[in-house]
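J.: This is the structure alone, sequence omitted:
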């Protein structure tokens, strides 16, 4: 039964082994290709931005944290964001209608959009904040009604900040 599997190869076992040089060459090639792929990533050393959409808190509590608003005042937001960087599926930067200001348009997952919808439907009159790297952008708008979109914008950015944020997210920078 299956004689071909039992047959001895016509080459000696010593001849079928790869020479040490071939093994070293293969390992070196793998290491080189890994290093090249790491170096070719744009801004590989730049950290991913932390993006959050959270409810503005009324009072200091364990469930809240402080963030800066417009570089002058501090506000409190919920520690548990409605939307986080990992929920964002797309981003693009564009010039705003306001002079020297830029906007980042974000698209989020359906789950994140549902969280925002449910929260805004139940909390009309409260405020939301969009925070990037610990700084609130675009003020703290009051919730007028349920938000039904999966697209949001972050305004009040410089061109450099808007492009950095959009490029990092568009290139797969997720937390």
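T.: The structure has been received and is ready for your questions. What you are looking at is a predicted structure, and each value in this text was computed from that prediction instead of being measured.

J.: If you count neighbours, what's buried in the helix or strand harbouring residue 153?
T.: When secondary structure is defined using DSSP states H and E, the element that contains residue 153 is strand 151-157. By neighbour count on 16 or more other Cβ atoms under 10 Å, the buried set for strand 151-157 is 152, 154, 155, 156, 157. In this view, the C-beta of every residue, glycine as well, is placed from N, C-alpha and C.

J.: Does the fourth one touch residue 140 like I think?
T.: No - using Cβ atoms under 8 Å, residue 156 is not in contact with residue 140, being 12.0 Å away.

J.: tell me which helix or strand of this protein sits lowest on mean pLDDT?
T.: Ranking every helix and strand in the chain by mean pLDDT, DSSP states H and E puts helix 20-40 at the bottom, with a mean of 45.

J.: The following helix or strand past that helix - which strands sit beside it in the sheet, and in what orientation?
T.: Scanning forward in sequence from helix 20-40, with DSSP H and E defining helices and strands, the next element found is strand 51-55. When pairing is defined by DSSP bridges, strand 51-55 lines up against strand 83-84 (antiparallel), strand 128-132 (antiparallel).

J.: Identify the residues contacting strand 51-55?
T.: Strand 51-55 is touched from outside by 77-85, 88, 106, 116, 119, 123, 126-132, 152, 154, 165, 169, with contacts defined as Cβ atoms under 8 Å, 6 or more residues apart in numbering.

J.: Pull out the buried residues from it.
T.: Burial within strand 51-55, assessed by neighbour count using 16+ other Cβ under 10 Å, is assigned to 51, 52, 53, 54, 55.

J.: Distance of the last one relative to residue 107?
T.: Between residue 55 and residue 107 the distance is 21 Å, computed by Cβ to Cβ, to the nearest Å.

J.: how about low-confidence regions in the chain?
T.: The model of the chain has pLDDT under 70 over residues 1-46, 70-71, 174-175.

J.: Report the residue ranges of every domain in it.
T.: By the record's domain assignment, the chain is partitioned as 3-40, 51-170 (automatic domain parsing).

J.: deepest of those, which one?
T.: Among the domains of the chain, the stretch with the highest mean neighbour count (mean count of other Cβ atoms under 10 Å) is domain 51-170, at a mean of 16.

J.: tell me how far the ends of it are from each other?
T.: Using Cα to Cα, to the nearest Å, the gap from the first to the last residue of domain 51-170 comes to 13 Å.
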